[in-house]
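1. Quick one, fold the following:
(chains A and B)
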Amino acid sequence: MASSAVTLPRVYEERGLLSWLTTVDHKRIGILYILGAGFFALIGGLEALLIRTQLAIPDNRLLVGEAYNQVLTMHGTTMVFLVVMPVLAGLGNYVVPLMIGARDMAYPRLNAFGVWMFLLGGIFLNLSFLLGGAPDAGWFGYAPLTAKTFSKGAGIDFWILGLQLLGISSITSSINFVSTILLLRAPGLTLNRLPLFAWTTLVTAFLILFAMPSISAALFLLFLDRHLGTHFFNPAAGGDPLLWQHLFWFFGHPEVYIMILPAMGIVSEVLPVFSRKPIFGYTAVAYSSVAIGFIGFTVWAHHMFAVGLPDVVNAFFSAASMLVAVPTAIKVFNWIATIWGGSVRYRVPFLFAAAFVALFVIGGLSGLFLASVPVDWQVTDTYFVVAHFHYTLFGGSMFAIVAGIYYWFPKITGRFLDERLGRLHFALQFIGFNLTFFPMHFLGLMGMPRRVYTYAAGLGWESLNLLATIGAFILALGFVVFFVNIARSLVAGERAPDDPWDGHTLEWLTSSPPPPYNFARVPVVHSRRPAWDRKYTGNPHPRPVAEAPTAQAPVGDGPEGDSEAEPIHLPAPSLWPLILAAGLTVFALGLVTHWIFIPLGLLLFALGLARWVQQPLFPETHEASS
Amino acid sequence: MGAMLGLLTGCAAQSPSILRPVSPKGRAEADLFGFILAITAFVFIVVEALLLYAVVRFRARDPRAIPPQIHGNRALEVSWTTVTALGLAVIFAMTWRTMAATSTPPADALPVKVIGHQWWWEFQYPTLGITTANELVIPVGQPLRVTVTSADVIHSFWVPQLGGKMDAIPGRENVLWLQADAEGTYYGQCAELCGASHANMRLRVHAVSREAFDRWVEAQRAPAASPTEPLAQQGYQVFMSKACVGCHTINGTPAQGKVGPNLTHVGSRTTIAAGLLENTPENLARWLDNPPAIKPGSLMPRLGLTPQEIQALVAYLSSLK
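-> Take a look at the predicted model:
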């Protein structure tokens, strides 16, 4: 396999539980992120079904009051922090280093720490169900409902500390993405050639770095209010509940771009490949992400049009929110133009990516109503908003994520996901999604507020609610088919070649699944489509090159000019990132349950930290035979 | 388009739809909604049609076919960016116009204060000296300057047919223009998650003729009627000796509690328990027997009243017209 000049690294133990617990390989970490998100998606999905079942008929008594609010809060919190963000981080972790020709992320152990912090933080948050009640103040936890006076149980504390743990995970992984994408690109891979998924991952990482501190600070202040008698958000003592809203939404609105930008990146990879064309207007698509990122920090108060801000302030945030539609529209037009004139293959990844465009357009357009202050006064906090953000985050992000999973599954596992089950999955998800969420626009217009556990008969809301509930179960069935497809394909899926889709980017040049070191030789990049260039020549009318690289060719060994062969060093596995993450989690548990966990957590933390810094990244140098 | 939407949302003629407004503010907001809908519906149809056309028309017939490699088109990209920006500028201009016209109540407005509580609404008419709960009675055609605030957590005051909502935030006083141009009862409810019974914090606005309003005002300003029937007199005794008196006010009696709704004229209201139940003796008895069973988390606890006490209280409270 190895060409004569390449020195292959020692490959660390690849089997067994311990190899996973100690892994620092970005691909395994990516898989852990995706599996963890899949697990939490089951929980968040069941919570959604509970909500829809309760609302199926008026005056239902299945899930009332406090219990409903807990499920509602955990559904939102779970889907945002434990599903969409981590699955995007997982795909980014797996794919981005391959796309840019890197051997790993810049900080492999920090990367491992990030995934453990996510998994343990997610478990910590859900432990609240068993330890006295889950948080119940909604995913944006408005003060003063979260104050000790109004929420006495530990649920809000679990929420505060859980989000802090998850914030640590997001910040570390973002530092890693920024460093990796800016510093570890293959020779010739300039930023102007960077694959669009890597572009959006980079912008997203910056958004997280700037947005996350705001919510971390707010959560910290809230914790002080609840336990040390401060009054940051207590109006009775001179505090201000609106301070919470500003701090939260300064994070919360960029957060929605954090969830949508990488999804847009996935679609910008999938559509060109299945249309057999380059992305239309690469520069506009890439820089519109940057524009969305910048403008995204100036729109937060559009969540607060009904709190009584002055007209001028409302007008500013209204204009800024509408401005975001410009770079977003640019992307949509470019995606359509990419398909236009192509040679479109209707494979499952394409179906989901095209559906993403169709549904995201609806979510984008309904957003204009919310950006328009007087209309927002009517529709904010109604089911119209629930419809809107599910069109962007489910019709948008989730459809793109599923497209990405069908697209990269062959690379990750060496097997295809089944095409026929995939089509069935697509049909169920598309129909179920629209049936669930489209009627909600009308419910909102008909005066139904969001977050109500029940509603009276006779207001005209019955049939649309029932329809939405039926849709939710069809949607759930779609995901059952998806999970069955994954399970079946893992063991019996059709074998996939290294480049199953006739791909454009570097990850398709290495084997499926890739070796731990990704590429035996780091490929040299000459254009935006390095994999395409090795297969086709001629522009604008390409033809296959005479000798296409065969599966036997050394991975990453290009036709000419690839980098000098040099020994490959892989970082050693380490248990200490997990111990460090466990220490923080146990410490947090001590703050909300029994104090004994506090010293225990600190001990684990100290142990993990001490051993981590003592352990060299590359313990030995291997000069394998050449 | 408007007709289609009217069909969809208006088919439920009983729903408090924002598209059947009866106030100047509500109408302005509905008009703006319709304007943006016209633009977005057009964009929706064009974009989805282009997408669908591209997907169907350019389906690969020969799997090996390689289409011409087009990387972009500067003129095209500049045009669609410009057109988008212009469309948005128009929407923003209309937004600004509507906002300026509706955000402040007219000068001759009648002041009303709305205070959100977990989980009911307190309504005060400061110039008329009236305090009531959950049902706001207003003269038809009369603009109201509604000051919205909260006694505990954040709520949001919303009567869809009378215009957009306004958050009730503790420590702040927000101002809202409320008006009803047609007689009738308009349904509303809290629109901000405020705890266990957020769903049960409902309200009604009764818009009545000027004469009816004046009569109502007169009746409301009078102290509570003294019970005449023996059962109601017994109920008075129960009210004044049990926990009721600690939380509720009945003007002209020793009951001066400020925690729960003012009950001076509770018998004149059409609903009880923040609009959850019709005001009938049966419902009142159910409520008095076990409030948290009807309104989860209700701050009014189960008082352990005997059936006789409940019957007496029902008779008394119903007599407070």
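
2. C-alpha from now on. contacts and neighbour counts both.
-> Will do.

3. ok, and the closest non-adjacent residue to A:Leu125?
-> Closest residue to A:Leu125 apart from its sequence neighbours, by CA to CA, 6 or more residues apart in numbering or on different chains: A:Gly162 at 5.2 Å.

4. ditto for A:His302
-> That would be A:Phe317: by CA to CA, 6+ apart, it lies 5.8 Å from A:His302.

5. where's that neighbour relative to A:Ser214, distance?
-> A:Phe317 is 19 Å from A:Ser214, where distance means CA to CA, to the nearest Å.

6. can you pull the contacts of B:Val208?
-> Going by CA atoms under 8 Å, 6 or more residues apart in numbering or on different chains, B:Val208 touches B:137-140, B:183-184.

7. same deal with B:Ala225?
-> B:319-321.

8. The same query, at a cut-off of 6 Å, please.
-> B:Leu320 (CA atoms under 6 Å, 6 or more residues apart in numbering or on different chains).

9. That one: helix or strand, and which one exactly?
-> Using DSSP states H and E, B:Ala225 maps to neither a helix nor a strand.

10. now do B:Gly116
-> Using DSSP H and E, B:Gly116 sits within strand B:110-117.

11. residue ranges for the helices of the stretch 301-450 of chain A, please.
-> Residue ranges of the helices in the stretch 301-450 of chain A, as given by DSSP state H, counting those that start in this stretch, are A:311-323, A:325-339, A:348-371, A:373-379, A:383-392, A:399-413, A:419-445.

12. again, but for the stretch 101-250 of chain A
-> A:108-127, A:155-183, A:196-227, A:241-275.

13. in the second one, what's buried?
-> Applying a neighbour-count criterion of 16 or more other CA atoms under 10 Å in any protein chain shown, the buried positions in helix A:155-183 are A:155-181.

14. wait, B:Gln179 sits on B:Pro21?
-> No. Contact criterion CA atoms under 6 Å: B:Gln179 and B:Pro21 do not qualify, at 10.4 Å.

15. Show me which of the two is the more surrounded one.
-> Neighbour totals were compared for B:Gln179 and B:Pro21, and B:Gln179 leads with 28 against 23 (other CA atoms under 10 Å in any protein chain shown).

16. So what's the residue count around residue 240?
-> This is for chain A. A:Asp240 has 20 nearby residues by other CA under 10 Å.

17. my bad, the chain I had in mind was chain B
-> The local packing of B:Met240 (other CA under 10 Å) involves 14 other residues.

18. and if you look at A:Ile431?
-> 15.

19. now swap in A:Ser366 and tell me
-> So A:Ser366, with other CA under 10 Å, has 23 neighbours.

20. ok, it - contacts?
-> Applying CA under 6 Å, 6+ apart, the residues near A:Ser366 are A:His388.

21. and the helix or strand of chain A with the lowest mean pLDDT, does that touch chain B?
-> Lowest mean confidence among the helices and strands of chain A (mean pLDDT, DSSP states H and E): strand A:543-544, at a mean of 88. No. Strand A:543-544 stays clear of chain B (CA under 6 Å from any CA of the partner chain), getting no nearer than 7.6 Å.

22. Can you report phi and psi for A:Pro530?
-> Phi and psi for A:Pro530, reported as degrees, to the nearest 10, are phi -60, psi -30.

23. Which pLDDT value belongs to it?
-> What the model reports for A:Pro530 is a pLDDT of 95.

24. Show me the shaky parts of the stretch 1-150 of chain B.
-> B:1-13 (pLDDT under 70).

25. which residues of it fall in strands?
-> With DSSP state E, counting those that start in this stretch as the criterion, the stretch 1-150 of chain B has strands at B:110-117, B:120-125, B:130-133, B:135-139, B:144-150.

26. Now that we have the ones you listed, can you turn them into CSV and tack on mean neighbour count and distance to chain A?
-> Formatted as CSV, the strands of the stretch 1-150 of chain B follow (neighbours: other CA atoms under 10 Å in any protein chain shown; distance: least, CA to the nearest CA, whole Å):
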stretch, mean neighbour count, distance to chain A
strand B:110-117, 23, 12
strand B:120-125, 23, 15
strand B:130-133, 21, 20
strand B:135-139, 23, 17
strand B:144-150, 23, 10
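
27. right, and those strands - which one's nearest A:Gly471?
-> Smallest distance to A:Gly471 across the strands of the stretch 1-150 of chain B (CA to CA): 33.6 Å, for strand B:120-125.

28. I'd like the distance between whichever residue of the stretch 1-150 of chain B sits closest to chain A and A:Thr382.
-> Nearest residue of the stretch 1-150 of chain B to chain A (CA to the nearest CA) works out as B:Ser17 at 3.9 Å. Separation of B:Ser17 from A:Thr382 (CA to CA) stands at 12 Å.

29. Read off the pLDDT value for the closest residue to chain B within the stretch 1-150 of chain A.
-> When scored by CA to the nearest CA, the stretch 1-150 of chain A has A:Gly65 as its residue closest to chain B, at 4.2 Å. Looking at A:Gly65, its pLDDT reads 93.

30. Likewise for the one 4 residues further on?
-> Per-residue confidence at A:Asn69 stands at 97 (pLDDT).

31. show me the contacts for it.
-> A:Asn69 neighbours (CA under 6 Å, 6+ apart): A:Asp136.

32. Repeat the analysis, applying 7 Å as the threshold.
-> A:Asn69 is in contact with A:136-137, B:196, counting by CA atoms under 7 Å, 6 or more residues apart in numbering or on different chains.
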